[in-house]
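Asks: One predicted model, sequence on top.
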Amino acid sequence: MTTSKLDAVFIAQRTPLLRTLIRMVKNPSVAEDLVQETYLRVATTLRERRVDHLEPFLFQTGRNLALDHLRHMRMKSRTLVEDLPGAVIEAIPDAASSTEDGLYAGQLLERLGTTLSRLTDRQQRMFILSRLHGLGHGEIAGQLKVSPSTVQKELKLIMAICVESLSRLEPTP
C-alpha cells in the first residue's frame, strides 16, 4: 500500500479518530499527539507489511496508543506518595533545601527500605506489583494465586507498617 493511500485515509478519518481519542483520554492536546503518533505507527507498519483494511487498522492503532497512554498515567499516579502522611511528604526536600532536609529525606528512604526488607517475600511482591507496576488487586491475586480480598488486606497491612515505621522518624526542629 502506498503512502498516498494512507494519506487519503488519514485525512478522511482524522477528525473522527481525534474525537474517539479525546473521548478516551479526556485531553484534546494528548489526543492530538496520539493522532500524530497513530499516523507514524501506521506508516511504519505499512513499510514492513501489507494491511488489507487500512481504516479499521488506523482506528485500532489509535485506540491501542490511547490505552497505553492511560495505562502509563495510571501507573504513574499510583505511587507510595498517596499513602504517606502529609508530614512525611512535606519533609521531602526540594532542590534548594538545606543539607539537613536532605539528610532527613535520606533517613526516610533508608527507613522505608529497611521496613520493606522485613516483609515476607509475598508481601514484597504484592507491594512491588501494586505500587511499582500499577496492578490492581485482581491482577495481583491472579499472579500470586490468592484471593483479591487477601491482596487487599495484605496491602492495607503493608501500608500501615510503612506509615507506622516512617511516622517514628520525627524531623528535628
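Replies: Done, it's in.
Asks: Would you point out the helix or strand in this structure whose mean pLDDT is lowest?
Replies: Among the helical and strand segments of the chain, the one scoring lowest on mean pLDDT, DSSP states H and E is helix 86-90, with a mean of 57.
Asks: so where's the chain uncertain?
Replies: Residues of the chain meeting the criterion pLDDT under 70: 1-2, 76-102, 104-105, 169-173.
Asks: rerun that using 80 as the cut-off
Replies: Low-confidence regions of the chain, defined here as pLDDT under 80, cover residues 1-3, 74-113, 131-133, 165-173.
Asks: Need the nearest residue in space to the residue nearest in space to the middle of the chain, chain neighbours excluded.
Replies: Among the residues of the chain, the one closest to the centroid is Met75, at 1.6 Å (Cα atoms, centre = their mean). Of all residues not flanking Met75 in the chain, Gly134 sits nearest, at 3.3 Å (Cβ to Cβ, 6 or more residues apart in numbering). The way it works is simple: take the backbone N, C-alpha and C, and place the C-beta from them, glycine included.
Asks: what does Leu67 give?
Replies: Leu67 sits nearest to Met24 (Cβ to Cβ, 6+ apart), 7.6 Å away.
Asks: what about that neighbour, which helix or strand?
Replies: Element membership for Met24, per DSSP states H and E: helix 3-25.
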